[in-house]
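**Q** Quick one: sequence plus predicted model below, questions after.
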Amino acid sequence: MASWPWYHGQMSRMKAEEELLNVGHDGSFLVRDSESMAGAYALCVLYQGKIHQYRIMPSKGEDGTGYIIKAVEGVQQQKYSKLDDLIKGYGHDNNGLACGLTHPVRVVRDDGDDDPDTDDDDDKMAREGTLLYEETVKQFHNRLSQLNVSELDNTFVDNVKTYVHNGLLKDIESVQCGSNNIPQLHHLIAKSARDFQKQMDIFQTKLNILGQLFDEDTIVLSKPQDPMSRTVELDGFLDKLPDCRKSVKDVEKQAFKSLQEVCKSYDISQEEVPSSPNKKTPSPCRTSMVPPVTFEVKGEGFKPVKMKLIIDITYGTLQLMRTNRDSRGDDNATYVYNHDKILQLIKSRSHNTKLIIKVDSSKRKEFTFENVKNRETFCQLVQQMKNMHSQSNDIDQLQIFIGTWNMGDAMPNTPLQSWLRCEGSGKSLDSKIGMMPHDLYVIGTQESALSERDWVNKLKKELHSTVNVEFNTIAVCSLWQMRLVVLAKPEHIHRISHVEQSTVKTGIANTLGNKGAVAIAFHFNGTSMCFINSHLTSGNEKCVRRNQNFFDILKGLQLGQKDPYEINTAFHYLFWFGDLNYRDRKSVV
């Protein structure tokens, strides 16, 4: 079994998906032990950015023991006597799988695990090495041909092609000899940095001018050399980056100091103005993890104008920037609006890419986005920005993350950032939206191998590294290996009240807690909410039993008004999730 390079043993499903996504090549696959069925295997295949899972079942019959794979319905299952024969048999397309098994993801083994019997003939090794190199160059050439290089200069593209065909082999040989350097790629990067270094020298000269504007004793930066008369030293060039950052900070510091002196000369008071007792004091500023986001749009009017809408969530501003000459002859005219000046966003019903923005008391401004996804992302970012900077006690919009995970009695060994940011392989939010923290995080798990304390601590740690917020625990409810955790932002703690918990067992004779439900209910500013995490009976043929579990849970949960069968109408909002074990019989492809 260990001799098969694509067999990864007791690898978790999440780890397998991570390995395949790192490879990123259609047809990449690996085989691991099934986590839910002893003696079976799971085949994981990458195709068009999605991971497809298939179960390999052992089969016994008159013709002996073998293996079959559960693929698409309607495709005849073929039995193979050996597992490696099955993998070879599915190496072509149109075989019932998402694609053919063409690129095995090999197990990374320690040096001590190598097979000692490796004394091959030198000529054979040379031929294999040549074939391996040719295949490697072909793969890199295919990758390069699929990249969008339309905005890059032809010189750079030609240099990359030359590197793939000539320099790549030399770097491979360098790595094989134990070197930590890849000189050919290093040389390519240095050549590509010539224009960048020229611009950096010019930028440092500009900083020097700004520094002298505020202080005549500012240290004069060295005059940039002619970029055509020197050879690019990549290490020295990169060393300039921190110096450039320091120069920017020094100029800003000196400018601020100079302006303070100007303010004093005009007798402008530097004392802190006390806040009004009736005005709500803003909470301490929390740095947003979302950088300023730019949207390319067209401003509607007598003549459409190309514009940029720039949202800076940290400072709570919206910038409208013209990218071509306007009617008054101003290039790149920019208008900045504070978050409280944005009064209304109106989506067009006839065109799903158009949006009307009502700013302050001025006329409405109409824009057309590149696509509907960009328009929706823009609206959500504006709402997040207004919520973050609002000084009102009322909450206009509440964002809740609800996640469910059957952990299969396995420890969560991989980071959870992609899950908490809703960055799955299926349909997901824009990556910029995923960086914004939700108000509430409700996490339901089944077959958990962690204790309550360990799981809550891990969730808080993962959330802090993901969205830079220290969340507070509202409640934790457990039944055997089922968990339900509710976490909230610190500023919402005083808004949450009437917290309740309840559990229902629906295992054998409704006495075992391996199946059932855990629930948490509370009020948020007077709005009642209930969250139910359930694990229902498994098995394709037990649909009636699962339906009965649903009614048993409704009847058994003691929340709200405690009126049997009425829990589904006792709250303003009820969220039901978990491992419901219902099966979708549709094709996996």
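**A** That came through fine. Numbering: from 1, shown residues only.
**Q** all helices for the stretch 301-450 of the chain, in order.
**A** 372-389, 417-420, 431-434 (DSSP state H, counting those that start in this stretch).
**Q** low-scoring pLDDT stretches of the stretch 201-350 of the chain, where are they?
**A** 215-240, 244-245, 247-290, 301-303, 323-333 (pLDDT under 70).
**Q** Flag the shaky bits of the stretch 401-550 of the chain, pLDDT-wise.
**A** Counting by pLDDT under 70, the stretch 401-550 of the chain contains low-confidence ranges at 424-434.
**Q** quick one: the strands in it?
**A** Shown for the stretch 401-550 of the chain, the strands assigned by DSSP state E, counting those that start in this stretch span residues 440-446, 472-479, 482-488, 496-505, 516-524, 527-535.
**Q** So what touches the longest strand anywhere in the chain?
**A** Identified as the longest strand of the chain according to DSSP state E is strand 50-61. Residues outside strand 50-61 that contact it (C-beta atoms under 8 Å, 6 or more residues apart in numbering): 13, 16-17, 20-21, 31, 34, 37, 39-46, 65-71, 79, 83, 86, 97-98, 425-426, 588-589. For every residue, glycine as well, the C-beta is placed using N, CA and C.
**Q** quick one: the next helix-or-strand element following that strand to chain centroid distance?
**A** Under the assignment DSSP states H and E, the closest C-terminal helix or strand after strand 50-61 is strand 64-69. With C-alpha atoms, centre = their mean, to the nearest Å as the basis, strand 64-69 stands 39 Å off its chain's centre.
**Q** Export strand 64-69 to PDB, keeping only CA atoms.
**A** C-alpha atoms of strand 64-69 as PDB (Å, rounded to 0.1, in the frame of the first residue of the first chain):
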ATOM      1  CA  GLY A  64     -13.200 -12.900  -6.100                       C
ATOM      2  CA  THR A  65     -12.500  -9.800  -4.200                       C
ATOM      3  CA  GLY A  66     -12.000  -6.400  -5.900                       C
ATOM      4  CA  TYR A  67     -12.800  -2.800  -5.900                       C
ATOM      5  CA  ILE A  68     -15.600  -0.600  -7.500                       C
ATOM      6  CA  ILE A  69     -16.100   3.100  -7.500                       C
END
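**Q** After it, which helix or strand is next? Please name it.
**A** The helix or strand immediately downstream of strand 64-69 is helix 83-89, counting by DSSP H and E.
**Q** Show me what that following helix is packed against.
**A** Applying 3 or more C-beta pairs under 8 Å, 6 or more residues apart in numbering; DSSP states H and E, one finds that helix 83-89 contacts strand 28-33, strand 64-69.
**Q** Let me know which of those is the nearest to residue 491.
**A** Residue 491 lies closest to strand 28-33 among the helices and strands packed on helix 83-89, at 43.5 Å (C-beta to C-beta).
**Q** So which residues make contact with that closest one?
**A** Residues contacting strand 28-33 (C-beta under 8 Å, 6+ apart): 4, 6-11, 13, 16, 19-20, 40-46, 56, 83, 87, 101-105.
**Q** just the buried members of those residues?
**A** Buried by 16 or more other C-beta atoms under 10 Å: 6-8, 11, 13, 16, 19-20, 41-46, 56, 83, 87, 101, 103-105, out of these.
**Q** Restricted to helices, list these.
**A** Cross-referencing these against helices under DSSP state H gives 13, 16, 19-20, 83, 87.
**Q** Return the member of those nearest to residue 440.
**A** Closest to residue 440, out of all of those and judged by C-beta to C-beta, is residue 13, at 27.1 Å.
**Q** pLDDT at the nearest residue to that closest one once chain neighbours are set aside, what is it?
**A** Setting aside the residues directly before and after it, residue 13 is nearest to residue 35 in space (C-beta to C-beta, 6 or more residues apart in numbering), at 6.5 Å. Among the per-residue scores, residue 35 holds a pLDDT of 80.
**Q** contacting residues for residue 35?
**A** Taking C-beta under 8 Å, 6+ apart as the criterion, residue 35 is in contact with 12-13, 42, 408, 410.
**Q** Out of those residues, flag the one nearest to residue 374.
**A** Among these, and counting by C-beta to C-beta, the member closest to residue 374 is residue 13, at 33.2 Å.
**Q** pretty sure the closest one is touching residue 34, no?
**A** No - here residue 13 does not reach residue 34: they are 9.7 Å apart, not a contact under C-beta atoms under 8 Å.
**Q** Common neighbours of the two, please.
**A** Overlap of the contact sets of residue 13 and residue 34 (by C-beta under 8 Å, 6+ apart) consists of residue 42.
**Q** ok, back up a step: nearest to residue 337, of the helices and strands packed on helix 83-89?
**A** Nearest to residue 337, of the helices and strands packed on helix 83-89 and by C-beta to C-beta, is strand 28-33 at 47.9 Å.
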